[in-house]
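Student: Task: produce atomic coordinates for the following.
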Amino acid sequence: MTDYEVLIMLDPELGEDRQQEVVDRIRTQVVEGGGVWEAHTPWGRRRLAYEIAHRNEGIYYLVTFSASPEVLNEVSRLLKIDDSVLRHMAVRRVKGSSAATPAAVTVSADTAEPTPVQEDE
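Tutor: Purely as a prediction, here's the structure:
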């Protein structure tokens, strides 16, 4: 089994119950496929850099699980055909990394230490 992270951007007009339904459908697919569900973290509503499907905002969720590549393919297929999902991106998770909160980080050439990036509001 491989560890995966899937970042999902949902339509901002969805209700809480429909958002939870999308996450539950992914969880069901992972568990039925023999995978291990780890967590889902709501990142909340974010403003988009450009419009997608005439929307200026999206609701983000980070989903983490371990599964076979076939299960990931099926999860991606389901997310592609769901109209409430504006975008999704699945990546392999590196052991020991933590992406529980969205934060921009840069690496300084002088110190090779990561430093947080100040976000303009």
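
Student: who does the helix with the most length in the chain touch, helix- and strand-wise?
Tutor: Counting residues, the longest helix found in the chain (DSSP state H) is helix 16-32. In terms of contacts (3 or more CB pairs under 8 Å, 6 or more residues apart in numbering; DSSP states H and E), helix 16-32 is packed against strand 2-10, strand 36-52, strand 55-67, helix 69-81. From N, CA and C alone the C-beta is placed, and that goes for glycine too.

Student: Which one, of the ones you listed, ends up nearest to residue 29?
Tutor: Closest to residue 29 of the helices and strands packed on helix 16-32, according to CB to CB: helix 69-81, at 5.3 Å.

Student: Go ahead and name everything in contact with the closest one.
Tutor: Residues outside helix 69-81 that contact it (CB atoms under 8 Å, 6 or more residues apart in numbering) are 2, 4, 6, 8, 25-26, 29-30, 33-35, 67, 85, 88, 90.

Student: Any regions of this protein where pLDDT drops low?
Tutor: Residues of the chain that meet the criterion pLDDT under 70 lie in 97-121.

Student: Which residue, neighbours along the chain excluded, lies closest to residue 42?
Tutor: Nearest residue to residue 42, sequence neighbours excluded (CB to CB, 6 or more residues apart in numbering): residue 61, at 5.5 Å.

Student: what about that neighbour, neighbour count?
Tutor: 21 (other CB atoms under 10 Å).

Student: That one pairs with what?
Tutor: residue 8, residue 42 (DSSP bridges).

Student: got it, and residue 88?
Tutor: Bridge pairing for residue 88 - DSSP bridges - gives residue 8.

Student: Tell me, how many residues neighbour it?
Tutor: Residues near residue 88, counting by other CB under 10 Å, number 20.

Student: isn't it right up against residue 5?
Tutor: No - taking CB atoms under 8 Å as the definition, residue 88 is not a contact partner of residue 5, at 10.9 Å.

Student: Nothing else from me, thank you.
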